[in-house]
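Trainee: no letters, just coordinates:
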């Protein structure tokens, strides 16, 4: 109970401190920002486009495939040891696991993951 009260007190003190700084007009803890501080540093000027417009993140389907194979390998090594002791039950469980992963791989295939552009 004492620990909870201590943590609640620290949280309340931090909250009061942050609210006080915000009320004083500070946008961050380094002080009030001025016009030169808001300009881009080492860039030479204002950007014409937003960064997300120039770079496309099209690797999400490849990541899906990587995670599917990585999870498969992570579970197959310990499964090989358990299979010796359990037998058919462990084989059925691994079959269900591989079926679920196959659905993920088939989804990636349908999305065109194997087509390199």
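Mentor: The structure has been received and is ready for your questions. Here the structure is a predicted model, which means the values were calculated and not measured.

Trainee: name the residues of stretch 93-102 that come out as buried.
Mentor: Neighbour-count burial for stretch 93-102, with 16 or more other CB atoms under 10 Å as criterion, is recorded at 94, 101. The way it works is simple: take the backbone N, C-alpha and C, and place the C-beta from them, glycine included.

Trainee: stretch 102-114 now?
Mentor: Of the residues in stretch 102-114, those buried (16+ other CB under 10 Å) are 104-105, 108, 113.

Trainee: show me what that stretch is in contact with.
Mentor: Taking CB atoms under 8 Å, 6 or more residues apart in numbering as the criterion, the residues outside stretch 102-114 that touch it are 61-62, 64-65, 68.

Trainee: possible to save the buried residues of stretch 102-114 as a markdown table with pLDDT?
Mentor: Formatted as a markdown table, the entries for the buried residues of stretch 102-114 read as follows, by pLDDT from 0 to 100:
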| residue | pLDDT |
| --- | --- |
| 104 | 79 |
| 105 | 79 |
| 108 | 77 |
| 113 | 74 |
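
Trainee: now, those that are in helices?
Mentor: Among those, the ones falling in helices (DSSP state H) are 104-105, 108.

Trainee: can you lay out the residues you listed as a markdown table showing distance to residue 81?
Mentor: Conversion of those to a markdown table gives the following (distance: CB to CB, whole Å):
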| residue | distance to residue 81 |
| --- | --- |
| 104 | 25 |
| 105 | 25 |
| 108 | 30 |
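
Trainee: which helix is the longest one in this structure?
Mentor: With residue count as the measure and DSSP H as the assignment, the chain has helix 60-86 as its longest helix.

Trainee: which helices and strands does it pack with?
Mentor: Where contact means 3 or more CB pairs under 8 Å, 6 or more residues apart in numbering; DSSP states H and E, helix 60-86 is packed against helix 88-110.
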